[in-house]
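**Student:** let's see this in three dimensions:
(3 chains)
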Amino acid sequence: MTQLSISQRAMAARPAPSYLDGLNPEQRAAVETLDGPVLMLAGAGTGKTKALTARIAHILATGAAKPWLVLAVTFTNKAAREMRERVEALIGPGAQGLSWLGTFHAMSAQMLRRNAELVGLKPNFTILDTDDQIRLLKQVIQAENIDEKRWTARHLAGLIDGWKNRALTPDKVPQDEAYGFAGGRGAKLYAIYQDRLKVLNACDFGDLLLHAITLLRSNPDVLADYQDRFRYILVDEYQDTNVAQYLWLRLLAQGRQNLCVVGDDDQSIYGWRGAEVDNILRFERDFPGAKVIKLERNYRSTPHILGAASGLISANAERLGKTLWTDLPGGEKVLVRGVWDGEAEARLVADDVEQWRRAGRPYKDAAVLVRASWQMRAFEERFIMLGLPYKVVGGPRFFERAEIRDAHAYLRLIASEDDDLAFERVVNTPKRGVGDTTVQKIATAARAAGVTLARMAQTLITTDELKGPARTGLNRFLADLERWRARARELPHTELAELILDESGYTDMLRADKSPQAAGKLDNLKELTRSMGAFDTLGAYLEHVQLVMDVDRGEDGEDTVQLMTLHAAKGLEWPLVFLPGWEEEVFPSRRALDESGQKALEEERRLGYVGLTRARESARISFAANRQIYGRWQTVLPSRFIDELPETHVEAVSDTGYFDHGAGAADSRYAAWGPMAMEAGAGFGSGYQSPGWKRAQASGGFGASRPPTIEAAAKLVAPSGASDARYGVGDRVFHDKFGYGSVTAVEGAKLSVAFDKAGEKRVIDSFVKAA
DNA sequence: TTCTTCACGCTTTTT
DNA sequence: GCGTGAAGAA
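**Tutor:** Numbering: from 1, shown residues only, chains lettered A, B, ... in the order given. You can find the predicted model right below:
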């Protein structure tokens, strides 16, 4: 008798198993509807994870299936970890043996390791990350004599990823798309790249899924085995699946049709990396007889927040449609505030946070969610100035840092000497006199002889092919590798890593580095050796980092304001949420709109919906009049999304204080916001429109090198005949004939102005007189 | 081989 | 405005 059936009997003895406690009728239906396909449409904050984990608990506890016969797929390792923990919390040891709970990629890798030969790989294949992928593609492009400045490896990598997301092998790439790269050689390069991967016994992330599909498609016995094995299949965040993942699932689910997918079409925000909202919109057609269960009761946010979010998302056309409701009390309206510029916005947010803190609330209950990571800088600067504790979530990932990748390359070389990409990465890091020319020489010879770089290097140092420092350096490098491999047998892998970093001169190189980042890099390497300690062997560690590009650094529990992108915020929640930068061009992002038009606009809107629904008690949107983007000042307009928020749930407030023009403004919502009113034609008083000068922006404005100041703006809107209005160097001016310019010198009433368009300087009398 | 200088281009991000 | 990356100089 297994432990499972004991706990099962214990469960059966009780009328209502505890994992069903506190579930509402819809959630309960989602848990207990076990036969046939199920689509759980779960709006934000409706207890989706709770229902999903309870469903797994239910399957296991009722004995419907053994844990190893349940396939549960997520997108991120974090989600997989959380799911496992929560199922364990619900039913205890019965959850052990959930060996098929993980990400699409990890599950694919698991299948491939068992049957690697069937797709032309060896079972110990390596998994390349984006960086390896790009370096390999660069080689392919060079080998084909293509201008790599015109056609970058990064661009090609993007195309290939896109094709792989759509499960397109090189022969299936549509003609017109292949023509988009290097004059029609896109598909050919893709094919060459795939050949190179095979030679290297390597996969990129897309390959994991693609090879798994190939494995299942071309081996009916393997497919039948998995179809039979997986009694129940569960998929989290179904709205984020791409075509390849859809095909993967369809193959596996075809047998028993016991597929339960959970998602929210309104929270699909990864279209740009291949996610197809269509998959969830189409589910009922793909799986006839599917039961659709909607979770609409929200346990997270106040009615005002839900109202604002619902109003916004209702502007989208392609929706399955849900109406979130809550019986939580009213709370405050969503605040919308206009500010002068990004700095003022950061000041405003920081002030709010301090007030929140003074009211006895913790910092960690507040989050700032931005559209793009460059927006974080202003907040960080302000927070640092005030000594306000904050934490950037996401950002450059630990395992993608150069020093960590270098260390890994050394370790990979110890584990398998034929890892060419690793060899190339560190053969001259730190510098040992083995430059590009030498590496090229080795690579050409290795390719010709059909051996690995390391092996060819070994051969070449015995000949006279290489001379001087190159030969000495390479010789020492190879001898080092040999010695480390020998030590690897007796030394624990953490100590081995330290030894390698020391003896290779890598730590010395960083110590000699005077740049401020060097110290951090050394810390990161320490962190690396520490995190290796959690694994028994070097091999186990490397397998882990290849798939799980994240390290559990256990820094939870710190009381800090959370600063992150909207994308990173999905699945999280806070009582107080700031949503800055709601301006056209920024959010919705102009780039997204340029690239994918209406489709992108809807996705941006969903992003706004995700942002709003993160808030439990208070959501505070803000927008600026002037924004520094890539070091250039621009005037910006409030986001169209602000207009789409239902007024009944929104409170518009001004914090500028300087430009309160009240009822005269075009839209009372922006009443207090000077520049907007100006743009809208509300005017700043009769004197503003003086002959020849349509508009004089404050210092700053278009393309200036310093931010506009309130004082300068006030000066420029001085009453008519204001020939005495004084300008400062750097002020922006606009002239009918010459367009925008900036003041380079002031002499009495004469201004020297450099006009942007004309590219020349002109001296003009004063701002009331046309030049 | 390595150091220096100029040009370019720039979201979101997981595996 | 800044970091990367490629081409020329030492």
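**Student:** report how many residues lie close to residue A:241.
**Tutor:** A count of neighbours around residue A:241, defined by other C-beta atoms under 10 Å, yields 28. For glycine as for every other residue, the C-beta is placed from the backbone atoms N, C-alpha and C.
**Student:** distance-wise, check it relative to residue A:275.
**Tutor:** 7 Å (C-beta to C-beta, to the nearest Å).
**Student:** how about residue A:618?
**Tutor:** Residue A:618 sits 30 Å away from residue A:275, going by C-beta to C-beta.
**Student:** and residue A:60, by the same measure?
**Tutor:** In terms of C-beta to C-beta, residue A:60 sits 30 Å off from residue A:275.
**Student:** looking at those two, which one has more neighbours?
**Tutor:** Shown here are residue A:60 and residue A:275; by other C-beta under 10 Å, residue A:60 has more neighbours (28 against 23).
**Student:** can you pull the pLDDT of the more buried one?
**Tutor:** Residue A:60 is assigned 89 on the pLDDT scale.
**Student:** what's the closest non-adjacent residue to it?
**Tutor:** Nearest non-adjacent residue to residue A:60, counting by C-beta to C-beta, 6 or more residues apart in numbering: residue A:94, 5.2 Å away.
**Student:** the one you found: neighbour count?
**Tutor:** Neighbour count for residue A:94, taken as other C-beta under 10 Å: 25.
**Student:** what is the mean pLDDT for stretch A:408-427?
**Tutor:** 86.
**Student:** could you see whether DNA strand B lies near that stretch?
**Tutor:** No. Applying C-beta under 7 Å from any atom of the strand, one finds stretch A:408-427 out of contact with DNA strand B, separated by at least 10.3 Å.
**Student:** any part of that stretch near DNA strand C?
**Tutor:** No. On the criterion C-beta under 7 Å from any atom of the strand, stretch A:408-427 is out of touch with DNA strand C, staying 12.9 Å away.
**Student:** what sits up against that stretch?
**Tutor:** Under the contact criterion C-beta atoms under 8 Å, 6 or more residues apart in numbering, stretch A:408-427 has outside partners A:124, A:126, A:128, A:132, A:135-136, A:200-202, A:399, A:405-406, A:434, A:439, A:443, A:446, A:452-455, A:457, A:474, A:477, A:481, A:484-485, A:488, A:493, A:496-497, A:500-501, A:504, A:506, A:538-539, A:541-542, A:545.
**Student:** the longest strand along chain A pairs with which strands, parallel or anti?
**Tutor:** Ranked by residue count under DSSP state E, the longest strand found in chain A is strand A:615-629. Sheet pairing of strand A:615-629 (DSSP bridges) gives strand A:334-341 (parallel), strand A:574-579 (parallel), strand A:632-635 (antiparallel).
**Student:** any chance of a markdown table for those strands, columns mean neighbour count, mean pLDDT and distance to DNA strand B?
**Tutor:** Below are these laid out as a markdown table (neighbours: other C-beta atoms under 10 Å; pLDDT from 0 to 100; distance: least, C-beta to the nearest atom of the strand, whole Å):
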| stretch | mean neighbour count | mean pLDDT | distance to DNA strand B |
| --- | --- | --- | --- |
| strand A:334-341 | 24 | 84 | 19 |
| strand A:574-579 | 24 | 95 | 14 |
| strand A:632-635 | 18 | 74 | 8 |
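**Student:** of all the ones you listed, which lies closest to residue A:468?
**Tutor:** Residue A:468 lies closest to strand A:632-635 among these, at 48.5 Å (C-beta to C-beta).
**Student:** any low-confidence regions in the stretch 501-650 of chain A?
**Tutor:** A:515-516, A:549-556 (pLDDT under 70).
**Student:** can you give me the helices for it?
**Tutor:** Ranges of helices within the stretch 501-650 of chain A are A:506-512, A:517-532, A:538-547, A:566-569, A:590-612, A:640-643, based on DSSP state H, counting those that start in this stretch.
**Student:** coming back round to it: distance to residue A:141 added to the strands paired with strand A:615-629, as a markdown table?
**Tutor:** Shown next, in a markdown table, are the strands paired with strand A:615-629 (distance: least, C-beta to C-beta, whole Å):
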| stretch | distance to residue A:141 |
| --- | --- |
| strand A:334-341 | 42 |
| strand A:574-579 | 41 |
| strand A:632-635 | 32 |
